[in-house]
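Asks: Curious how this folds, go ahead:
(chains A and B)
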Amino acid sequence: MGFVRSGRRRLYLVNAGLRRPTLADEAAPILARYMILNMRNARSPQVRGLRVGRRKFFYAVALPATAAAVSAVQSPLSPRPRLLITSASHPLTPVLAQHLSRDYQVRLTDRESVSSSFEFVRCALEQDAATDALVKGVDAIVHVAEPSPGDDEKQGIEWLTRGTYNLLMAASRTGVVTRAVYLSTLDVMTPYDPAYTVSESWRPLPSTDARVMSKHLGEYVCKEFARDRKIRVTSLRLGNVVRQEQTKGKPVDPLWVDERDVCHAVTQALRVTPNDSAMGVGSWWAIYHIGSDSPAARFALAGAKNGIAYQPQVRW
Amino acid sequence: MKVLVTGAAGYLGPFVAMALKQHDVLLTDIKTPSADLGHRFQVLDVSSLDQVLAASKGMDAIINCSVVRERDKPAFTVNVGGCWNIMTAAVRHGIRRVLNTGPHFTVTGPPYEGFDFGLTGDIPPQSGTLLYALTKSLGHEVCRVFTEHHDIHVLNFLFYNFRDLRGAAPGSFNQLKPGSNPVPFVVSGEDAGEAIRLGLTVDTSKLASRCEVFLILTDMPHGKFSNEKAKRVLGFKPKDDISALWKKA
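Replies: All right, here's what the predicted structure looks like:
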């Protein structure tokens, strides 16, 4: 059994296992977690006074007390939850993956193969074993819900309706996937007079533009799954996602939202359980408008600020 | 009136064909009907925009009876994609009347049906997640959104169970079995066809909006679903007496 103690300069890993493992600095955090987990699970005492079984040996290995190793010691015992993020080919997805990987083990997916440093599973989101396998072991889903490059408008609609349906149906069958975040668009609200203080309680007004319609229909599918109590879904209606540095010199778009703030919103949506509301949907369904907090911003953010503690940082 | 009917080889097709005998009708379906329905027929896949565009050119109205109930991909390409294609064609060809058919749970799904009475077509759709229900509801939503942006009227006719008083094979589901107490939403095939005929000719200026939903059922004492709007707005008068269904033998 193992024991980990962090000194000022050294991290001591004592392995009382059957084999003498080879340790590298970068393996220290992994081993530390493993040993702590085993120690806790076996309810073994600390190494001082550890009674060693006859078939086991122990030794002490001193490693530099790197930040990673210390962090591993100090981290919660439970492994990071697994998060599935769809539409890996979309530019926003790798940004989300990088941000969310701090707290999650990220798995990406798309219909076509995408090169990524994260785990990637190619899946067409059909009603089949491949989709079941895609969601197996996953705790939550971020459904970026973007058609693949080259999709025509019908394919886009089919992807966001049928793909969303099959994804959520497979996820709900696991009994483990508890939460999905769906990335919709504020374009479903832009037909309102800009002088109105439109919020999430206003009816969406999608156009017949295929992209907007498909996002709206995907949200429709999510809502029925939430209504059926099959899976908790939060829909984030995003403005026009940009990176602030790339907007220099351009006229300010009231719908701009920085991708870093989008990452923050998704993090919050995954973390915060919506409160019960007068609408009676409780924690199963929520919609939040995600934009910037700029003076020229089109939509108010009170819903997201109150509901998921959304605090955008980037302004124009 | 020149009318395109999709899904004509399905259950409703013969009744629609019979009800529209005074109109110039082109019947279409992906498969050929088993009998001559008294109008021109051509094969058409409603999930193909090109085919729908070609067939609807010159038409005054489109009646969508196409449906896929249980297969994943076709349920979406037909029930959702078919509506997209039909509405796109209606916009392109200036067709201002579309009749869309569907099951009752396009709107009155389990969250309503399992709990409430007095259900009409004027309630917000709650289809649930059954494939057939949700895909038809998505198709309905596609139609609705198009009517928000184009001068097209969509009349949605929702059905649940049918009884065929004249042609049902013995022992078939659609046969009238006295005292069988079916779901409280039944209509004869002939009355269903007649409702659709009324939808073709109703004065659209009298409709409350460009997207209206009608529950098409006979007069039933159960109080679960209401055909009042169909009677008031369309002048629907169910003729076939199927009350034997809920009368004790």
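Asks: near chain A, which residues of chain B?
Replies: B:49, B:72-73, B:76-77, B:80-81, B:84, B:87, B:91, B:110-111, B:126-129, B:131, B:134-135, B:137-138, B:141-142, B:145-146, B:148-150 (CB under 8 Å from any CB of the partner chain). Yep, even glycine has a C-beta here, placed from its N, CA and C like the rest.
Asks: Okay, and which of those residues map to helices?
Replies: B:49, B:72-73, B:76-77, B:81, B:84, B:87, B:91, B:110-111, B:131, B:134-135, B:137-138, B:141-142, B:145-146, B:148-149 (DSSP state H).
Asks: so what pLDDT did the residue nearest the centre of chain B get?
Replies: Residue closest to the average C-alpha location in chain B (CA atoms, centre = their mean): residue B:101, at 2.1 Å. pLDDT recorded at residue B:101 is 98.
Asks: That one - that's part of a strand, no?
Replies: Yes. Counting by DSSP: H, G, I helix; E, B strand; the rest coil, one finds residue B:101 located in a strand.
Asks: next structured bit after the helix or strand of chain B with the lowest mean pLDDT?
Replies: Every helix and strand in chain B was compared by mean pLDDT, DSSP states H and E; the lowest is strand B:161-163, with a mean of 90. Sequence order places strand B:186-188 as the next helix or strand after strand B:161-163, per DSSP states H and E.
Asks: So what are the sheet partners of that next one and their directions?
Replies: When sheet partners are counted by DSSP bridges, strand B:186-188 sits next to strand B:161-163 (parallel).
Asks: what does the partner strand rub up against?
Replies: Applying CB atoms under 8 Å, 6 or more residues apart in numbering or on different chains, the contact partners of strand B:161-163 are B:11-12, B:174-176, B:182-183, B:185-189, B:192, B:240, B:242, B:245.
Asks: Looking at those residues, spot the one nearest residue A:315.
Replies: residue B:185 (55.0 Å; CB to CB).
Asks: Quick check: the gap between the closest one and residue A:105.
Replies: 49 Å (CB to CB, to the nearest Å).
Asks: try residue A:134
Replies: From residue A:134 to residue A:105 the distance is 14 Å (CB to CB).
Asks: So which bits of the least confident helix or strand of chain B are buried?
Replies: Using 16 or more other CB atoms under 10 Å in any protein chain shown as the test for burial, strand B:161-163 gives B:161-163.
Asks: coming back round to it: of residue B:185 and residue A:105, which one has the most company?
Replies: residue B:185 (24 against 17; other CB atoms under 10 Å in any protein chain shown).
Asks: ok, the closest residue to that one other than its chain neighbours - how many residues close by?
Replies: Counting by CB to CB, 6 or more residues apart in numbering or on different chains, residue B:160 is the residue found nearest to residue B:185 once chain neighbours are left out, at 3.6 Å. The tally of other residues near residue B:160 (other CB under 10 Å) stands at 20.
Asks: ok, which stretches of chain A are strands?
Replies: A:3-6, A:10-15, A:59-64, A:82-85, A:105-110, A:119-122, A:140-143, A:179-185, A:232-238, A:240-242, A:256-258, A:285-290 (DSSP state E).
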